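Asker: Need coordinates for the following:
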Amino acid sequence: MPAIDTSGQNGQPGICVAAFDFDGTLTHGDTLLPFLATALGWPRFAWALLRSSPWLVGHALRLVRNDIAKARLFKAALQGAPTADVQRWAERWASEQLPQQLRGAQDPTMTRLAWHRAEGHCCVMVSASPDIYLERAAELLGFDGLVCTQMEVDISGQLTGRMKTLNCHGQQKVIRLQAWLAERYDAAVLANMTLYAYGDTSGDKPMLRMAQKAWYRGKPFAD
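Answerer: Alright, predicted model coming up:
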């Protein structure tokens with residue numbers, strides 16, 4: 001359970017919650033493409049990139065929205081994948097790739113995560129990357145919760161390649177985090193919550209603005 005802290009709002013005791021973006025904040029960069037490359041192998045991964053390339057290029061040129069490009073990539077790469085295979089992919093990625101992708105223990109944001117955990121604060125990962133591997137990452141890093149893009153699974157236990165939720169990016173991070181908090185705490189507790197937030201891109205800024213104390217790329221955030 002989150003610790004009671006005397007730094008709550010209005011001078012009243014309250015909980016402390018720390019919301020961390022994942023890609024680029026706790027890692028050295030994007031993890032989705034490295035995960036897919038490891039999971040699928042290079043021939044299948046290259047074919048998925050080729051099939052979704054018009055939308056990926058359009059996104060790079062700022063002509064196609066992030067969620068549309070990501071949806072096309074997910075369909076090309078993940079449609080029909082059995083969940084048992086996906087779980088194996090996630091375990092392999094977590095053991096072989098994640099340690100190298102994470103920032104070092106002395107990195108300012110990693111230091112902040114360690115501090116929050118030591119203080120007993122509620123730590124939640126908030127990411128646009130998919131749950132198929134972030135669940136394992138959040139578990140290994142000691143997070144209390146995960147808010148992310150969720151993938152759809154059909155009744156046969158295969159990924160459909162579609163997103164079950166909206167892409168957890170930008171304002172969706174705020175909407176999803178607020179819903180996550182509301183499911184766990186009553187209004188009186190939330191009224192005295194101190195929210196910390198950490199991010200590294202423009203897509204994280206709505207969440208940073210939501211927080212009382214925010215850091216952007218390892219430095220205090222000032223919008």
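Asker: Off-centre distance for the longest helix along the chain?
Answerer: Longest helix of the chain, by residue count under DSSP state H: helix 42-60. A distance of 22 Å separates the centroid of the chain from that of helix 42-60, by C-alpha atoms, centre = their mean, to the nearest Å.
Asker: and what of stretch 142-161?
Answerer: Its chain's C-alpha centre and that of stretch 142-161 lie 12 Å apart, by C-alpha atoms, centre = their mean.
Asker: now the chain, which segments are flagged as low pLDDT?
Answerer: Scanning the chain for pLDDT under 70 picks out 1-13.
Asker: if we go to 80?
Answerer: Along the chain, segments meeting pLDDT under 80 span 1-14, 223.
Asker: how much space between the spatially most central residue of the chain and residue 155?
Answerer: By C-alpha atoms, centre = their mean, the mean C-alpha position of the chain lies nearest to residue 127, the distance being 1.8 Å. Distance check for residue 127 against residue 155: by C-beta to C-beta, to the nearest Å, it reads 27 Å. The C-beta positions use only the backbone N, C-alpha and C, and glycine is treated the same way.
Asker: got it, and residue 117?
Answerer: 38 Å.
Asker: try residue 16
Answerer: Look at residue 16 and residue 155: by C-beta to C-beta, they are 41 Å apart.
Asker: The two - which one has more neighbours?
Answerer: residue 16 (22 against 5; other C-beta atoms under 10 Å).
Asker: Can you tell me the element residue 23 falls in?
Answerer: Under the criterion DSSP states H and E, no helix or strand holds residue 23.
Asker: what's around it, how many residues?
Answerer: Quick note: residue 23 (other C-beta under 10 Å) scores 21 neighbours.
Asker: Over to residue 61?
Answerer: If you count neighbours by other C-beta under 10 Å, residue 61 ends up with 8.
Asker: Residue 32 too?
Answerer: 19.
Asker: hang on, residue 21 packs against residue 204?
Answerer: Yes - counting by C-beta atoms under 8 Å, residue 21 does reach residue 204; the two are 4.8 Å apart.
Asker: roughly how far apart are the residue nearest to residue 83 when sequence neighbours are not counted and residue 86?
Answerer: If you skip the residues right next to it in sequence, residue 83 has residue 157 as its closest partner in space, 5.0 Å away by C-beta to C-beta, 6 or more residues apart in numbering. From residue 157 across to residue 86, the span is 10 Å (C-beta to C-beta).
Asker: What of residue 79?
Answerer: 12 Å.
Asker: what's the answer for residue 27, then?
Answerer: From residue 27 to residue 86 the distance is 20 Å (C-beta to C-beta).
Asker: Next: residue 156.
Answerer: 13 Å.
Asker: between those two, who's got more neighbours?
Answerer: residue 86 (21 against 9).
Asker: other SSEs contacting the helix or strand harbouring the more buried one?
Answerer: Secondary structure from DSSP H and E places residue 86 in helix 83-96. Secondary-structure packing of helix 83-96 (3 or more C-beta pairs under 8 Å, 6 or more residues apart in numbering; DSSP states H and E): helix 32-40, helix 131-140.
Asker: neighbouring strands for the helix or strand just after the longest one, and are they parallel or not?
Answerer: Looking back up the chat, that one is helix 131-140. Using DSSP H and E, the helix or strand that follows helix 131-140 in sequence is strand 145-149. Strand 145-149 has the following strand partners under DSSP bridges: strand 122-130 (parallel).
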